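S.K.: Just need the structure, nothing else, for what follows:
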Amino acid sequence: MAWTEAELDALKKAYASGTTRVSYDGKTVEYDSQAGLLARIRTIEAEVRAASGKAPPVAGFASFRRSGR
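M.R.: Modelled structure (predicted):
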């Protein structure tokens, strides 16, 4: 499915403001919860990333060890 930048921007704006009702391109959608809205944002971002050939961001932890001198 082709996502529009307007849709993704509207979803992010709604999430940031704490609402679950999103309007874009003459359409209005109400999500059941903030979690549902966030899941939609993540789905669109993942599909856009996959279509562009970019790898998903990776987070890791650094570890350090002192040498036993």
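S.K.: now the helix of greatest length in the chain: mean pLDDT?
M.R.: Counting residues, the longest helix found in the chain (DSSP state H) is helix 34-52. Confidence over helix 34-52, taken as the mean pLDDT, stands at 89.
S.K.: Identify each buried residue in that helix, please.
M.R.: Neighbour counts using 16 or more other Cβ atoms under 10 Å place 37, 40-41, 44-45 of helix 34-52 among the buried residues. Just so you know, the C-beta spots here come from the backbone N, C-alpha and C atoms, and that holds for glycine as well.
S.K.: SS state for residue 22?
M.R.: strand (DSSP: H, G, I helix; E, B strand; the rest coil).
S.K.: Who is it paired with across the strands?
M.R.: residue 29 (DSSP bridges).
S.K.: mind starting the numbering at 221 from now?
M.R.: New numbering, starting at 221: the last item is residue 242.
S.K.: From what I see, it and residue 234 are in contact.
M.R.: Yes: using Cβ atoms under 8 Å, residue 242 is in contact with residue 234, at 4.5 Å.
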